[in-house]
Structure formats: structure tokens, C-alpha cells
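Colleague: Got a predicted structure plus its sequence, pasted below:
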Amino acid sequence: MLPVKQFTDFIEQNKLFKPAGKVLAAVSGGMDSVLMAHLLKAAGYNFSIAHCNFQLRGDDAIADQEFCKNLAQQFGVPFYTINFDTTDYAANHKISIQMAARDLRYQWFQQLKQQHGYDAIALAHHQNDTIETILLNLTRGTGIAGLHGILTKNGDLVRPLLFLNREDIKLLIKQNSLQYVEDSSNLSVKYARNKIRHEVIPKLKELNPSLEKTFENNLQHFRDMETLLELKLSELKKELLIQQDDEIHVPLEAVRKLEPKRLLLFNLLQPYGFNETAVDDLIASLDKHSGRIFESLGYRLILDRENIIITLKKDHPTEITINPNEHMVNYNNYKITLLHDESPLIVKDNPLAVSIDADLLVYPLTMRAWQQSDYFYPLGMKTRKKLSDYFIDQKIPVHQKTQVPLLVNGNGDIIWLAGYRSSEHYKVSKNTKKVTIFKLIKT
């Protein structure tokens, strides 16, 4: 007899899908997925079968494909199958064969779900798969999320066999004389998961014959801990992650008070791509290196005087040229307009606009970001000043220095730090005949 009531109770208790839901069952032909298909049929669910041929096992893979097709015909349910060039995909994406197979099948399952309106994708993982996953994660290094094992429900992915272990499944297959196919690669210990399955877990079961039950209890503790951490992180995100324009500011004083600092800071920064090594380096720098920059794939983190500042990395042109006949140019997130006037007008009270003596301009002009060796003669001063010192005086955060547009004359002189200060050498004077007014507009 099949444990149909246990199966349906487990589905209902975990809200995997509704009784009238439309389910796509991933069936490899192995005993786990075959039992799942028989249970779905016996319980009267509306389901279809999907099978992937990864073309890694020659005729055996073709036989598995035919077996699954016949099983679908036996049940009278729709059948989908696909052949993947897994080896080629793995080589092109520089990933392992196992990871390639995983990516390919999940992408295809999602396509089928969207095309045919399935409510859930049923996968035949069981309790031992969860134990293997946890042990595998521990050997590779993991946080709390890696300890919760395989989730019963993760979005539209559902696992209705997680109430059974491997021995339960073997016994049910035998008692009900269910036919299945054996994947010979499951026996090979060259794969890390199989090594844990065939060599590590049997040793652990010698120490604890009730290993599955013990892990089931542990999993509940781990999931409760994860829930507690998520609640704490939700509070911290609201309190500490302060949005300012297109930046996120995290007050340093609050970071210093975090406990446990490494755990909480890592989980706050992980969504921005920062790993544990970067977090360790950041913690070591908290009281030492203001101005230090850390980078992830998509973000830049700046350790400023009072805040940790997180910004999106943007690819901007390093410089543009401006010709005398142009009236508007684009630079990064700005538009720069040019107005040529025959009278010596002076722009006042607008840091984003400046009047320059037009006769002193040498075209083409350049708009660019600052460089370490840059200097200029600030308006009102007779001596030159390094831009790096000027930025410090103005308390401009290190990551914003490169965002300040510099208007540079054709002779190399810096005419204007847009938004801040112009040069003494290019100001409008009593001898000025005509001006060019530059205006910066943020887009």
C-alpha cells in the first residue's frame, strides 16, 4: 500500500499546492521520482511528467527517457522531454557538469511552467537528500542558510517526499513492486555528494542509527534560528540602511555597536555582493582607515568618516570634449549647457553655473573626473591648491571625488570644479568683453 494519506497530509500541512492545482513532476526514472509520480497518481492530483536527457550516459540515458515516456502513458498524463548538450553548456559557462545539469533543468522547468500554466514544480528530494546537502554545505563553508537543508517549498519548487527517508522509499518500492531505472552514476564516489552518501553517512549512522530523526530535529532548530536572524536583520535594515539619493549610508557608530558584528554585518552586506573576507577586512578597518574602498561585482563600499557608504558601480565616460559651436553636451548623469553672451554677465548664487571670460578659453575644452596630480587656483586665491586637499577641506567623501565634473581648458588648466568653485584665472573681470556661461543640469 502506498502512504497516500501521509502524502496528501504533508502537502496540505506545508501548503505545497492546492488539491486542484496543476503540478509539473520532475521524473528522472529513479526510485524517488517514480514513487512521487505513483503517489501523485494515487492521490488523484492533476499532474504532468517532465524528463531531462543530459546526454551524459549514452544508451542508458535514452532508455531512461523511454521509461519515463511509458510511465506517463501508463498514467495517462502529459509528457515533456528535452535533450541537453550538458558538456558543451558546462564548458561555455566554465562550471561543473553537475552545476550545468542543475541550471539547464531548472531553466527548462520554469519555461514549461510559464508556457502551460503549472502551479508548482514537484521535485523528489527526501530526508537523506537534506542531510547530504547540509554536510556538503558544511564541508564547503556555509552560513545559517546553508544549515536549513532543502526547503519543503521554495517559491514554486515543492518537495512532497520530504516526509520519507531513503530506506522508507526502498521499502515502498519493493512492497508495491514498482518499476524504476537505476542511474549508475549515483554509485560513483567521484562526485562529492555521492561520496557523502556512500561513505560518510554510513559511518555517521554507526554512531547514531536514528540519524534522519536527529537531523529532522536539528533542522527545526536551524530554521528557527534562521527565522530569528531574519527578523533581527529586517529591523536592522530599517534602522541602519539609510537611502540618500542613489547611495546607502550606514552610520559607523551603529556598526561599531553591532553584536555579533561579523554575522550581522555580513548578512547586511551580502545582498550587495560582499563576501566574508571583505567584511573581515572592513571590520579590521573600522577605526583605522577612513577613505578605504571595497568593491564587489556590482557595488562599491566606502569607509567614510561617519558612514559606510554603498554605491552602485557605474560605467561612465572618463572624459568628453566640448567644441565652441556646441550648446549642450552630456557627461555622466549631467547635461552641460553653454551660453555665449557679448556682455560680461556674472552668475551668482548658483553653484551649478559659472561665468567664464570667453576670450581665455582654448577649444576644444574637456570635461573629466579628477586625477591625483590635479591642482587649480581657487577663485579669490593667488596660490594654487591641489584638488585632493581642496576635496578634504570641503569634506567631500572619497567616492564622490570622481563624480565631480571638472571643466578643463585646452591648455590643461582647470577652469571649474562644477558645483563647487571656479578658477581665479578665468573669472569675469573689468577687462572682460564677452562671457561663456556653463550650466550643469543633473539628469
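Modeller: Received, thanks.

Colleague: Kindly spell out which helices and strands sit in contact with the helix ranked longest in the chain.
Modeller: In the chain, assigned by DSSP state H, the helix with the most residues is helix 211-240. Counting contacts by 3 or more C-beta pairs under 8 Å, 6 or more residues apart in numbering; DSSP states H and E, helix 211-240 is packed against helix 127-140, helix 201-207, helix 252-257, helix 261-269. For every residue, glycine as well, the C-beta is placed using N, CA and C.

Colleague: Could I get these in TSV, plus columns for distance to Ala120 and mean pLDDT?
Modeller: Shown next, in TSV, are these (distance: least, C-beta to C-beta, whole Å; pLDDT from 0 to 100):
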stretch	distance to Ala120	mean pLDDT
helix 127-140	18	87
helix 201-207	29	91
helix 252-257	41	93
helix 261-269	29	93
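
Colleague: And these: which comes nearest Val398?
Modeller: Closest to Val398 of these is helix 252-257 (C-beta to C-beta; 14.3 Å).

Colleague: What residues of the closest one count as buried?
Modeller: 252, 255 (16 or more other C-beta atoms under 10 Å).

Colleague: How far off centre is that helix?
Modeller: Once both centres are worked out by C-alpha atoms, centre = their mean, to the nearest Å, helix 252-257 turns out to sit 25 Å from its chain's centre.

Colleague: which residues are contacting that helix?
Modeller: Residues outside helix 252-257 that contact it (C-beta atoms under 8 Å, 6 or more residues apart in numbering) are 239-240, 261, 265, 286-287, 303-308.

Colleague: now those: which count as buried?
Modeller: 240, 265, 286, 303-304, 307-308.

Colleague: For these, which two are the farthest from each other?
Modeller: Farthest pair in those, by C-beta to C-beta: Leu265 and Asp304, 15.9 Å.

Colleague: The helix or strand of the chain with the lowest mean pLDDT - contacts with which helices or strands?
Modeller: Sorted by mean pLDDT, DSSP states H and E, the helices and strands of the chain end with helix 398-401, the least confident at a mean of 76. If contacts are counted by 3+ C-beta pairs under 8 Å, 6+ apart, helix 398-401 sits against strand 299-303, helix 387-393.

Colleague: Quick check: buried residues in it?
Modeller: Those buried within helix 398-401 under the rule 16+ other C-beta under 10 Å are 398-399, 401.

Colleague: Toward the C-terminus from that helix, list the very next helix or strand.
Modeller: strand 406-408 (DSSP states H and E).

Colleague: What strands flank that following strand, and is each parallel or antiparallel?
Modeller: strand 365-368 (antiparallel), strand 414-417 (antiparallel) (DSSP bridges).

Colleague: Just put these in JSON lines and tack on mean pLDDT, mean neighbour count and distance to Asn325.
Modeller: Listed next are the strands paired with strand 406-408 as JSON lines, based on pLDDT from 0 to 100; neighbours: other C-beta atoms under 10 Å; distance: least, C-beta to C-beta, whole Å:
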{"stretch": "strand 365-368", "mean pLDDT": "93", "mean neighbour count": "20", "distance to Asn325": "12"}
{"stretch": "strand 414-417", "mean pLDDT": "95", "mean neighbour count": "24", "distance to Asn325": "18"}
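
Colleague: do you know which of those lies nearest Asp9?
Modeller: strand 365-368 (67.9 Å).

Colleague: distance between the helix or strand following that closest one and the chain's centre?
Modeller: Helices and strands here follow DSSP H and E; after strand 365-368, the next one along the chain is strand 375-376. Offset of strand 375-376 from its chain centre (C-alpha atoms, centre = their mean): 41 Å.

Colleague: do stretch 332-350 as well
Modeller: With C-alpha atoms, centre = their mean, you get 42 Å for stretch 332-350.

Colleague: which outside residues touch that stretch?
Modeller: Outside stretch 332-350, the residues within contact range by C-beta under 8 Å, 6+ apart are 314, 316-317, 322, 326-330, 353-355, 358, 367, 403, 405, 418, 428, 432-443.

Colleague: Using PDB, write out every CA atom in that stretch.
Modeller: Extracted in PDB, the C-alpha atoms of stretch 332-350 (Å, rounded to 0.1, in the frame of the first residue of the first chain):
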ATOM      1  CA  ASN A 332      27.700  61.100 -16.900                       C
ATOM      2  CA  ASN A 333      24.500  62.000 -15.100                       C
ATOM      3  CA  TYR A 334      24.600  65.600 -16.200                       C
ATOM      4  CA  LYS A 335      23.800  67.900 -19.100                       C
ATOM      5  CA  ILE A 336      26.100  70.800 -19.600                       C
ATOM      6  CA  THR A 337      24.700  73.800 -21.500                       C
ATOM      7  CA  LEU A 338      26.800  76.600 -23.000                       C
ATOM      8  CA  LEU A 339      25.500  80.200 -23.400                       C
ATOM      9  CA  HIS A 340      27.700  82.700 -25.200                       C
ATOM     10  CA  ASP A 341      27.000  86.300 -24.300                       C
ATOM     11  CA  GLU A 342      28.500  89.600 -25.500                       C
ATOM     12  CA  SER A 343      28.100  91.200 -22.100                       C
ATOM     13  CA  PRO A 344      30.200  90.400 -19.000                       C
ATOM     14  CA  LEU A 345      27.400  88.800 -17.000                       C
ATOM     15  CA  ILE A 346      28.300  87.200 -13.700                       C
ATOM     16  CA  VAL A 347      26.300  84.200 -12.400                       C
ATOM     17  CA  LYS A 348      25.600  84.500  -8.700                       C
ATOM     18  CA  ASP A 349      24.200  82.200  -6.000                       C
ATOM     19  CA  ASN A 350      24.100  79.100  -8.300                       C
END
